[in-house]
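Trainee: Fold the following, please.
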Amino acid sequence: MNEFKELFKSADWKTEKHVPVIEATDSAKKGEAVKVTVNVGKQVAHPNKTEHHIRWIEVYFQTKDDKFPYQIGRVEFSAHGESAQGPDTSTVYTGYEAVISFKSDKPGTIFASSYCNIHGLWQNSKGLDVK
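Mentor: Below you'll find the predicted structure:
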């Protein structure tokens, strides 16, 4: 049986459509708001169909000194073309992007995870220096 952590996949986001791409500054001042944009399918578009889609993105931050990360936010994607008329009959589709801001007085790592209903869990991370 797999450990939960073994279920997360990662790859080069420039060639993989599932990896959450984290866009944020490399450094910030203590107490300064850090804007984090995470999207899936930035370089290679991910399908957004009833039968194949990204369900959610989660963002965490772990300071160098803390044992556990803090959950910064979670964004659910609910519109994938389904309607009362059937699969892929709607013209309403959610974009796979989350924009979240947070503050920290300590440096650490931003983590992002995403879930594809067919291909499972994906992850990425980016360091943040705080001075």
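Trainee: quick one: average pLDDT of stretch 48-55?
Mentor: Stretch 48-55 carries an average pLDDT of 96.
Trainee: what's the span of it, first residue to last?
Mentor: Terminal residues of stretch 48-55 are spaced 10 Å apart (C-alpha to C-alpha, to the nearest Å).
Trainee: Next: stretch 11-26.
Mentor: So stretch 11-26: terminal residues 21 Å apart, C-alpha to C-alpha.
Trainee: Show me where the protein dips below the pLDDT cut-off.
Mentor: 12-14 (pLDDT under 70).
Trainee: in it, which spans are helices?
Mentor: With helices called from DSSP state H, the chain shows none.
Trainee: next one: phi and psi at the residue sitting furthest away from the middle of the chain?
Mentor: For the chain, the largest distance from the centre (C-alpha atoms, centre = their mean) belongs to Gln85, which lies 30.6 Å off. Per-residue torsions, Gln85: phi -80, psi -10 (degrees, to the nearest 10).
Trainee: What residues are bridge-paired with the closest residue to Ile100 other than its chain neighbours?
Mentor: Nearest residue to Ile100, sequence neighbours excluded (C-beta to C-beta, 6 or more residues apart in numbering): Gly73, at 4.2 Å. (Each C-beta comes from the backbone N, C-alpha and C, glycine too.) Gly73 forms beta bridges with Val59, as assigned by DSSP bridges.
Trainee: Use 52 as the first number from now on
Mentor: Let's use 52 as the start, then, which means that last one is Gly124.
Trainee: Identify the residues contacting Gly124.
Mentor: Contacts for Gly124 (C-beta atoms under 8 Å, 6 or more residues apart in numbering) come out as Glu109, Val110, Ala149, Ile151.
Trainee: How about Lys86?
Mentor: Per C-beta under 8 Å, 6+ apart, neighbours of Lys86: Ala75, Thr76, Val150, Ile151, Ser152.
Trainee: And for Pro71, nearest residue in space, chain neighbours not counted?
Mentor: Pro71 sits nearest to Ala163 (C-beta to C-beta, 6+ apart), 3.9 Å away.
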